[in-house]
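K.L.:
Need a 3D model of the sequence below.
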Amino acid sequence: MRIFSGTLRQKELVLPKNQDFRPTTSKLRMQVFNICQQGLEGAHMLDLFAGSGAMGFEAISRGAAHCTFVEKEKALVSALHQNIENLGLKNVCTVFPGDVISAIKKLSQPFSFVYIDPPYDLVDTPFFQEVLIALDQSKLIEKGGTVFIESRKNTLSLPSFSSLSLQSRRRSGQSELFELEF
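P.N.:
Numbering: from 1, shown residues only. Predicted coordinates for the structure are as follows:
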């Protein structure tokens, strides 16, 4: 997998062998960054269920000031650290190894962009609804900030939010992308 734009264009990301995860397609990554490109310069991004970190590294490559990755799978956390080292991004990336609800409760930095890409089998669960509600009730998103949620097509039902509002819903292949604003 490669970063497709910006200062790190064509840099390859290390992925763990024999790890069962589904990276965000390049087409969907392109859609996300076409939407948020204007506000990306100097932004802080939170990548929940970070996996390979492709979304956060792409954001840094395109001008984001910092990305915090949250991932609990040890092999993926190791790959994130290795990619940060290989790309020379120690000063602009933080890895939070653990579950996303713990991260939401512990983090205090406000973020301009949040990307949420859970394993698809988690999307239609009470746990994932808890994640979304915890994020909505947190102080982690800047006023006017954007939250993107990737899910398998036709599987995500959004809970009632007090702070987030749905801006758009797009389909791409077998995936669906929700854009919400704080």
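K.L.:
would you list every one of the helices in this protein?
P.N.:
Counting by DSSP state H, the chain forms helices over residues 26-36, 54-61, 74-87, 100-106, 126-137, given from the N-terminal end onward.
K.L.:
Quickly, which of those bottoms out on average pLDDT?
P.N.:
Per-segment confidence across the helices of the chain bottoms out at helix 26-36, which has a mean of 89 in mean pLDDT.
K.L.:
tell me the angle it makes with helix 54-61.
P.N.:
Using axes from the mean of the first three to the mean of the last three CA atoms, to 10 degrees, the interaxial angle of helix 26-36 with respect to helix 54-61 works out to 50 degrees.
K.L.:
quick one: contacts of helix 26-36?
P.N.:
Here helix 26-36 makes contact (CB atoms under 8 Å, 6 or more residues apart in numbering) with 4-5, 40, 54-55, 58-59, 62, 113, 115, 146, 148, 150, 170, 172-173, 175, 177, 179. Yep, even glycine has a C-beta here, placed from its N, CA and C like the rest.
K.L.:
Name only those of the residues you listed that count as buried.
P.N.:
Of all the contacts of helix 26-36 considered here, the ones buried according to neighbour count by 16 or more other CB atoms under 10 Å are 4, 40, 54-55, 58-59, 62, 113, 115, 146, 148, 150, 172, 175, 177, 179.
K.L.:
of all these, which comes closest to residue 75?
P.N.:
Looking at the buried ones among the contacts of helix 26-36 and their distance to residue 75, the nearest is residue 54, at 15.5 Å (CB to CB).
K.L.:
buried ones in the top strand by length along the chain?
P.N.:
For the chain, the strand reaching the highest residue count under DSSP state E is reported as strand 141-152. For strand 141-152, a neighbour-count test (16+ other CB under 10 Å) marks 141-142, 145-151 as buried.
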